[in-house]
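Asks: After the sequence you'll find the predicted model.
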Number of protein chains: 4
Amino acid sequence: MSGAHSSHSHQSSDLKSATPRWTAKQKLVLETATRLFAQKGYANTSTSEIAKKAGVSEGSIFRRFKTKEGLLLTILSPVIDGILSNMLTETNRKAAILPSLKLRDFVTIIVEDRTEFIQKHIAVFKILIEEILYDNRIRLQIIKKIPKQLLTQISQVITSLHSRHEIVDWDNEEIMRFIGNNVLGFVLNYFILLDKSTAEIQAAQEHMIEFLTKGLATSD
Amino acid sequence: MSGAHSSHSHQSSDLKSATPRWTAKQKLVLETATRLFAQKGYANTSTSEIAKKAGVSEGSIFRRFKTKEGLLLTILSPVIDGILSNMLTETNRKAAILPSLKLRDFVTIIVEDRTEFIQKHIAVFKILIEEILYDNRIRLQIIKKIPKQLLTQISQVITSLHSRHEIVDWDNEEIMRFIGNNVLGFVLNYFILLDKSTAEIQAAQEHMIEFLTKGLATSD
Amino acid sequence: MSGAHSSHSHQSSDLKSATPRWTAKQKLVLETATRLFAQKGYANTSTSEIAKKAGVSEGSIFRRFKTKEGLLLTILSPVIDGILSNMLTETNRKAAILPSLKLRDFVTIIVEDRTEFIQKHIAVFKILIEEILYDNRIRLQIIKKIPKQLLTQISQVITSLHSRHEIVDWDNEEIMRFIGNNVLGFVLNYFILLDKSTAEIQAAQEHMIEFLTKGLATSD
Amino acid sequence: MSGAHSSHSHQSSDLKSATPRWTAKQKLVLETATRLFAQKGYANTSTSEIAKKAGVSEGSIFRRFKTKEGLLLTILSPVIDGILSNMLTETNRKAAILPSLKLRDFVTIIVEDRTEFIQKHIAVFKILIEEILYDNRIRLQIIKKIPKQLLTQISQVITSLHSRHEIVDWDNEEIMRFIGNNVLGFVLNYFILLDKSTAEIQAAQEHMIEFLTKGLATSD
DNA sequence: GATGAATGAGCTTTCATTCAT
DNA sequence: TATGAATGAAAGCTCATTCAT
């Protein structure tokens, strides 16, 4: 809830501030392209369709984004950067570093935070998955970022949980992978593949929190 | 009836038996196409490249498979059918129906079995994921099959585990989803994205079994 | 005159025989492209115009020639090869090696032979000149061929003239350059730039022969 | 030496004097465009590249030169005018009208003068050649100027040489063509195509003077 | 049945030019 | 005046598909 603010500020920093300020038309292109890429896949979306639906000329797209791939990267970059670097919203961050933090609280915080993040960027995530599967350049770009960013934020909390025997003694990266797989699988299942009621989704998320909490508890 | 037979017949029907017997060249086309689709994505693979690499003429591909999509479906169908219907191999099946089966044994059996299945068809799975994300027809085709097939095989074992209070009391479909997400995530991480040693992969699989066993245990 | 035969056989060997036999449509493309490139320049001729005027689809052009540049090279290659390697027609060749050959006869033979060659391939020559001026790859391709081929044919005759003090004692390459410049300049002036009567052209050619004969005579 | 002055004044008149005085940026555009046109050809040079490399906006180019062709003509015009009209530098002019002028001196003067002129404007000459070959408007513009300008300057000297039996009795235009072809061929060969040392170029120029002197001498 | 030349629609990209700021 | 975003026409090229041989 309260996390929405800082999370939002990140996205906006990518689209508004800094040197390259987008014109209204360019923003329209980015939104339209994101929507279409997510709907039909990057490869199946033509620049001419993007131009038409965004109400701009094709020339304008290429003037600003250089190539179709440039347009793709402009869309993906901020989310790729955000996946790990901005792991927690301001509020959650404070809670996560409490020395008395229990595993269940940690899992709850991170699941809710990441679910919200993925949901918010669900369109970009669909595009990202396709590219991870088939585009080596993008795949490498992502993998390269993992080690650096794992050493911050969440990882510190996990280390703290380790020291207090609150969590199973696998290494941080592997634990993050379990959490990541389940959160991503959850979002894909419930927000893309399946058509469930809000109540069912809510229940499923609670189950996931319980599942992760038990699964990651110390074995004894 | 018995699992072994039907399981085997299914897989083999893909490439060998039944009405449509593939010629050597056609089998080459299917293998080449599978490899290329998995490498570069369906949309980024041209029929002319498939023809060239398979050593046949483009005309021959279209004569036999009608369209490029026909070729795709010929590749995907058997695996789509196999995902749930042939859940267990002969040996595992016998073990799975023991009345004394423990949750840990169940998880071990199913994780090992499905990991092997996905690994064996990893190329097709990559293609399948892309199509699930972007092709509504294929997505629906898969979703339609879920309820029917859940009533068989594994589901019965889970029901049995339920009755013996060996497993958490969520419904079978949801439990399967947890297992599925983790197995699929495991394979994607360790066989596509990451580059780990056999020992590391082995350890990761054991961790996954422990993780699932604890996560799906009765809460108390 | 009689030389036309062997000269012709060269051109035809490029368009007919060997492994790649052109289809009727492909020959039409080559002829149309040659004409248009010569008329408007390579860069100013679009593949779509070639296709339209040749009565084929654009796809067919790219299927056979790979790229627009591939089409250009297909047109240029045989002429580039022919510029120096086939310096003399059969008949002229015989005359050129007579031990009693006078400078004037030599100049006459070579001027008539090369004028005929250039005239016959005038369209390709126009294209070639443009490419020599601006395309480094083609420029190098041509320059590379000069030394090898200078050692044959004409060069031997010049060496013979040298030994009999019939010709100025500059090196063969430089002498060939004087002849080449004047023949090429003659053709460009009288067949492209200017609009003169046959009689005037005939007179100009005779003047060129006299000019070259005197200019290349031993200084004494 | 002293010729350099008047020669220089010609070039500068192109860029400085007359009604349209170029701003610093406009001069930069003209120089950049000349360089790029000569390097890659007119058709292969985009206005956007010119703008970028000259450090001005594309809009500015079109504001001043109206169209891309306008820019081309602005570059070509002064050189087209200079080819024949300003045949000789001040000093050479004085020498050329001496009543005792020998053919060899005449050839020497004109070869050195024109070689210098072409060399100085070599970039524009490259552009010009392309346009002469393919652009009818420019071709006609040049041809139209020939007769008028032939009646002046050099032509008068040739007529004088004729009357003194110093030169072969072809008409002035044809004689000029021989000289022009050889000078142009010389510059193209030694300053664009080949990569020779200064000494070799010097020797080649002397050979050309001897070649032209002998070739244009009275036949008896 | 197998081939591969031929197709035409559509793709990404470039470019000269315009015009609001 | 100078800028550079925006344009639309056209460029080179790719591709799934057809069909005569």
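Replies: Arrived safely, thanks for sending.
Asks: in what helix or strand does A:Gly180 lie?
Replies: helix A:172-187 (DSSP states H and E).
Asks: Go ahead and name everything in contact with that helix.
Replies: Residues from elsewhere that reach helix A:172-187 (CB atoms under 8 Å, 6 or more residues apart in numbering or on different chains): A:107, A:110-111, A:114-115, A:118-119, A:122, A:125, A:146, A:150, A:154-155, A:158-159, A:167-168, A:204-205, A:208, A:211-212, A:215-216, B:177-178, B:180-182, B:184-186, B:189, B:204, B:207-208, B:211. To be clear about C-beta, it is placed using only N, CA and C from the backbone, and glycine gets the same treatment.
Asks: before we move on, what about stretch A:43-56?
Replies: A:25, A:28-29, A:31-33, A:36-37, A:39, A:57-58, A:60-62, A:68, A:71, B:41, B:43-44, B:134.
Asks: before we move on, what about stretch A:213-220?
Replies: For stretch A:213-220, contacts defined as CB under 8 Å, 6+ apart pick out A:103-104, A:107, A:165-169, A:175, A:178-179, B:210-212, B:214-215, B:217, B:219.
Asks: cutoff 6 Å now
Replies: Residues outside stretch A:213-220 that contact it (CB atoms under 6 Å, 6 or more residues apart in numbering or on different chains): A:Leu103, A:Arg104, A:Val107, A:His165, A:Ile167, A:Val168, B:Phe211, B:Lys214, B:Gly215.
Asks: gap between that stretch and the chain center?
Replies: Remark: stretch A:213-220 is offset 26 Å from the chain centroid, using CA atoms, centre = their mean, to the nearest Å.
Asks: Could you tell me the end-to-end distance of it?
Replies: 14 Å (CA to CA, to the nearest Å).
Asks: Show me what from chain A comes close to DNA strand E.
Replies: Residues of chain A lying close to DNA strand E (CB under 7 Å from any atom of the strand) are A:45-49, A:58-59, A:61-63, A:66-69.
Asks: Just the buried subset of the contacts of helix A:172-187, please.
Replies: Among the contacts of helix A:172-187, those classed as buried by 16 or more other CB atoms under 10 Å in any protein chain shown are A:107, A:110-111, A:114-115, A:118, A:125, A:150, A:154-155, A:158, A:167-168, A:204-205, A:208, A:211-212, A:215-216, B:177-178, B:180-182, B:184-186, B:189, B:204, B:207-208, B:211.
Asks: Which of these fall within strands?
Replies: With strands identified by DSSP state E, none of the entries of those belong to them.
Asks: ok, which residues in chain A are in contact with DNA strand F?
Replies: Within chain A, the positions lying close to DNA strand F (CB under 7 Å from any atom of the strand) are A:Thr23, A:Ala24, A:Lys25, A:Gln26, A:Val56, A:Ser57, A:Glu58, A:Gly59, A:Ser60, A:Arg63, A:Arg64.
Asks: What is the burial count for the last one?
Replies: Read that as A:Arg64. Using other CB atoms under 10 Å in any protein chain shown, A:Arg64 has 18 other residues around it.
Asks: going on from the helix or strand containing it, what's the next piece of helix or strand?
Replies: Element membership for A:Arg64 (DSSP H and E) is helix A:58-65. Beyond helix A:58-65 on the C-terminal side, the first helix or strand identified by DSSP H and E is helix A:68-85.
Asks: Would you mind pulling up the elements that that following helix packs against?
Replies: Contacts defined by 3 or more CB pairs under 6 Å, 6 or more residues apart in numbering or on different chains; DSSP states H and E place helix A:68-85 against helix A:136-150.
Asks: A:Phe65 against A:Leu73, yeah?
Replies: No: in this structure, A:Phe65 is not within contact of A:Leu73 by CB atoms under 6 Å, at 8.6 Å.
Asks: who's more crowded, those two?
Replies: Between A:Phe65 and A:Leu73, A:Phe65 has the larger neighbour count (other CB under 10 Å), namely 20 against 16.
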